[in-house]
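1. please find the sequence and the predicted model below.
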Amino acid sequence: MKQLKNGTDIRGVAIGEKTNLTPERACLLGKAFAAFLLEKGCEKPLKVAVGRDPRISGPALRDGLIEGLTAMGVKVQDCGIATTPSMFFSTYYEGSDCHGAVEITASHLPYDRNGLKFFTKDGGIDGKDVSRLIELAEGNAFEQAEGGSVENFDLMSAYSQSLVELVRNNTGKEHPLEGIKVTVDAGNGAGGFFVEQVLVPLGADAGGSVFLEPDGRFPNHIPNPENKAAMEACAKATLAAGADMGICFDTDCDRAAIVAPDGKEINRNRMIAMIAALMLREHPGCTIVTDSVTSKGLKAFIESRGGVHHRFMRGYKKVIDEAIRLEKTGVCAPLAMETSGHGALKENHYLDDGSYLAARMLAELPALKAEGKTLSSLIEGLAEPKDALELRANITAEDFKAYGAEVLEKLSAYCNARGWELEQPNYEGVRVNFGKDEGDGWFLVRMSLHDPVIPINVESDSEGGAKIIADKLYAFLTGFEALELPKY
């Protein structure tokens, strides 16, 4: 079962000949999660919420998971199709007050994949906790108990109401979105609730929204704010409706991207800049924590507004944990956000919640519209690269982690020998800056979190500059026989 571990989640193939995430394994993981909660000091009887995205394998995995939980005496709240953030909500919402929660989802992966995300009252569990769950499941030495039960529970209504109240509290109005048009592209994932349960009560016109009906085969496009087709579909719907704002959710709504009225995508660095602008307005001088691939322009944007940019490591949990660590040392770090769209605010328990971020943006619309401005005005002055490359070099060596570490170590020495400007401080891989005559930008070379891959990011503030920088880098990388370099 160790092959099911994917960072802080369980992920696997749930449909087809290569299926490795089965209802039987979900049952074992359900028992393991109950045992895990007891190890953490939770008192019986345990209460656990279970939700799922619309994937067609979801119902069978839910049945297996619930079978395992109830065999351990757990009182299960079956929340049906629900979002990942709502699962954590179930642990502190007084109407549910669960000890833990599980979302059955594989996020943006194809329809034949599925997975499990686990929560306690402290938030999402970490990689070590996932390893412990697998260890318990493989041991299969559980002390089962009587008293297990299942009830259907409408968690999404309560969660949605919390978002409605967020916007009302931030605007001081009961129906702050009257006269404002908003489109939602849910990609046939779990995000369709946002229209009827959040936008309509706030008075918005959401008539141009698309792909709201849950469909586990995702027939229109992958629900993923990083997917080109998804963002193009959301932009098209936003323009067609003449909307003031478009929202693109991923499958389980822990990520979101925004579309401006002119169809411009606000994701990646732009999305971080937009949320950072709000945080810096409310917390002057604060620190914004991001992943390692954010641009020079974002750093300058944050600093121009009096903030501190703390560029950390790739991996949304790592970014969130770093913000929490900084807070504990007395540093104000209200936002932790990755370019993938995972964004967590301290005010929201440091939970990566795309719906919450979207609601935060909605609360800005009435005042902006009254001033004749759009959302894009929040990121005026954000310098963006004129040229960029994202490359993935495959490692064919059997011990790919050791080989990748060797590549990075030798690259660092190579850069030093040539007097190239290594980024300082730097927490992941090798990041190098180049002046105007040398490519006018930077590259970052790092190891993938889980795969035998070395991702390469190159950006330049000059047209054609990314190729100049990549040529310098490839002159070194071509010397490694077990590295398959993509063309650019």
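-> Perfect, I can see it now.
2. these two touch, right, C253 and G354?
-> Yes: C253 is in contact with G354 according to C-beta atoms under 8 Å; the separation is 5.1 Å. Heads up, the C-betas are built off the backbone N, CA and C, glycines and all.
3. mutual contacts of those two, please.
-> Common neighbours of C253 and G354, using C-beta atoms under 8 Å, 6 or more residues apart in numbering, are 85, 191.
4. check the gap between the residue nearest the centre of the chain and S292 for me.
-> With distances taken as C-alpha atoms, centre = their mean, H342 lies nearest the centre of the chain, 2.8 Å away. Distance of H342 to S292, given as C-beta to C-beta, to the nearest Å: 14 Å.
5. quick revisit: okay, and the beta partners of the residue nearest to the centre of the chain?
-> Beta-bridge partners recorded for H342 (DSSP bridges): R255.
6. equivalent analysis for the one 10 residues further on, please.
-> Counting by DSSP bridges, D352 is bridged to A344.
7. what number of residues lie near it?
-> 27 (other C-beta atoms under 10 Å).
8. any chance you could map the helices in the protein?
-> When secondary structure is read from DSSP state H, the chain shows helices at 23-39, 58-71, 84-92, 127-139, 155-171, 193-194, 228-241, 268-282, 296-304, 316-328, 354-362, 365-370, 400-417, 465-477.
9. who's in contact with the fourth one?
-> Among residues not part of helix 127-139, those counted as contacts by C-beta under 8 Å, 6+ apart are 1-2, 4-5, 7-10, 25, 28-29, 31-33, 35-36, 39, 118, 125, 142, 317.
10. run the last query once more with 7 Å
-> Here helix 127-139 makes contact (C-beta atoms under 7 Å, 6 or more residues apart in numbering) with 1-2, 4-5, 7-8, 10, 28-29, 32-33, 35-36.
11. which among the residues you listed end up buried?
-> Among the contacts of helix 127-139, those buried by neighbour count (16 or more other C-beta atoms under 10 Å) are 1, 4-5, 8, 10, 28-29, 32-33, 35-36.
12. just give me the least confident of the contacts of helix 127-139.
-> Across those, the bottom pLDDT score, 89, is held by G7.
13. and it, how far from D126?
-> According to C-beta to C-beta, G7 stands 9 Å off from D126.
14. G419 too?
-> Separation of G419 from D126 (C-beta to C-beta) stands at 40 Å.
15. those two - which one has more neighbours?
-> D126 (15 against 7).
16. ok, K296 - contacts?
-> For K296, the contacting residues are W442, by C-beta under 7 Å, 6+ apart.
17. ugh, wrong one, I meant A190
-> Contact partners of A190, counting by C-beta under 7 Å, 6+ apart, are 53-54, 81-83, 214, 251-253.
18. and for S57?
-> Residues counted as contacts of S57 (C-beta under 7 Å, 6+ apart) are 14-15, 114.
19. now the helices of the chain as a markdown table including distance to I247?
-> Formatted as a markdown table, those follow (distance: least, C-beta to C-beta, whole Å):
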| stretch | distance to I247 |
| --- | --- |
| helix 23-39 | 31 |
| helix 58-71 | 23 |
| helix 84-92 | 14 |
| helix 127-139 | 30 |
| helix 155-171 | 12 |
| helix 193-194 | 7 |
| helix 228-241 | 7 |
| helix 268-282 | 11 |
| helix 296-304 | 21 |
| helix 316-328 | 19 |
| helix 354-362 | 5 |
| helix 365-370 | 12 |
| helix 400-417 | 37 |
| helix 465-477 | 31 |
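20. which one of those helices lies closest to H310?
-> In this view, the helices of the chain are compared for proximity to H310 by C-beta to C-beta, and helix 316-328 is the closest at 7.1 Å.
21. now do the closest one, average pLDDT.
-> The average pLDDT within helix 316-328 is 96.
22. got a list of contacts for that helix?
-> Residues outside helix 316-328 that contact it (C-beta under 7 Å, 6+ apart): 7-8, 124, 126, 287, 289-291, 312, 333, 336-338, 340, 342, 344, 346, 350, 352.
23. that helix to helix 127-139, inter-axis angle?
-> On the basis of axes from the mean of the first three to the mean of the last three C-alpha atoms, to 10 degrees, helix 316-328 is oriented at 130 degrees to helix 127-139.
24. for helix 316-328, which positions count as buried?
-> Applying 16+ other C-beta under 10 Å to helix 316-328 flags 316-324, 326-327 as buried.
25. now, which of those residues sits nearest I379?
-> I379 has its nearest neighbour among the buried residues of helix 316-328 in V319, at 19.9 Å by C-beta to C-beta.
26. could you measure from that closest one over to G203?
-> Distance from V319 to G203, counting by C-beta to C-beta: 35 Å.
27. also Y488?
-> Counting by C-beta to C-beta - Y488 and G203 are separated by 48 Å.
28. again, but for E406
-> Counting by C-beta to C-beta, the gap from E406 to G203 is 59 Å.
29. which ones are touching the closest residue in space to K467 that isn't next to it in sequence?
-> Nearest residue to K467, sequence neighbours excluded (C-beta to C-beta, 6 or more residues apart in numbering): Y488, at 6.9 Å. For Y488, the contacting residues are 389, 391, 467, 470, by C-beta under 7 Å, 6+ apart.
30. hmm, the second one is touching P486, no?
-> Pointing back at L391 there. Yes: L391 sits in contact with P486 when judged by C-beta atoms under 7 Å, with a separation of 5.1 Å.
31. so for the two, which residues contact both of them?
-> Counting by C-beta under 7 Å, 6+ apart, nothing touches both L391 and P486.
32. of these two, who's got more company?
-> Set L391 next to P486 and count neighbours by other C-beta under 10 Å: L391 wins out with 19 against 11.
33. do you know the pLDDT at that one?
-> 98.
34. check contacts around it.
-> Residues near L391 by C-beta under 7 Å, 6+ apart: 456, 486, 488.
35. what's the neighbour count on the nearest residue to G192 once chain neighbours are set aside?
-> Excluding the flanking residues, the one nearest G192 by C-beta to C-beta, 6+ apart is L212, at 3.5 Å. Each residue near L212 was counted by other C-beta under 10 Å, and the total is 19.
36. quick check: L212 vs Q197, distance?
-> From L212 to Q197 the distance is 11 Å (C-beta to C-beta).
37. now P219
-> With distances taken as C-beta to C-beta, P219 is found 23 Å from Q197.
38. of those two, give the one with the bigger neighbour count.
-> Set P219 next to Q197 and count neighbours by other C-beta under 10 Å: Q197 wins out with 16 against 11.
39. who's in contact with the more buried one?
-> Counting by C-beta under 7 Å, 6+ apart, Q197 touches 156-157, 160.
40. which one of those residues is nearest A273?
-> For those, the nearest to A273 is S160 (27.5 Å; C-beta to C-beta).
41. would you agree the closest one is in contact with E196?
-> No: with contact defined as C-beta under 7 Å, S160 does not count as touching E196 (8.6 Å).
42. neighbour count for the two, which is higher?
-> Legend: neighbour count by other C-beta under 10 Å for S160 and E196, higher for S160 (22 against 13).
43. please name the nearest non-neighbouring residue to the more buried one.
-> Q197 (3.6 Å).
44. equivalent analysis for E347, please.
-> Nearest residue to E347 in three dimensions, chain neighbours excluded: P334, at 6.9 Å (C-beta to C-beta, 6+ apart).
45. any idea how far R268 is from the one you found?
-> According to C-beta to C-beta, P334 stands 20 Å off from R268.
46. okay, domains of this protein per the record?
-> Annotated domains of the chain cover 2-153, 159-379, 387-484 [automatic domain parsing].
47. and the contacts of stretch 181-188?
-> 54, 191-192, 194-195, 199, 204-206, 208-215, 218-223, 230, 233-234, 237-238, 241-249, 251.
48. show the buried residues in the residues you listed.
-> For those, buried by 16+ other C-beta under 10 Å: 54, 191-192, 194-195, 199, 204-206, 208-212, 214-215, 218, 220-223, 230, 233-234, 237-238, 241, 243-249, 251.
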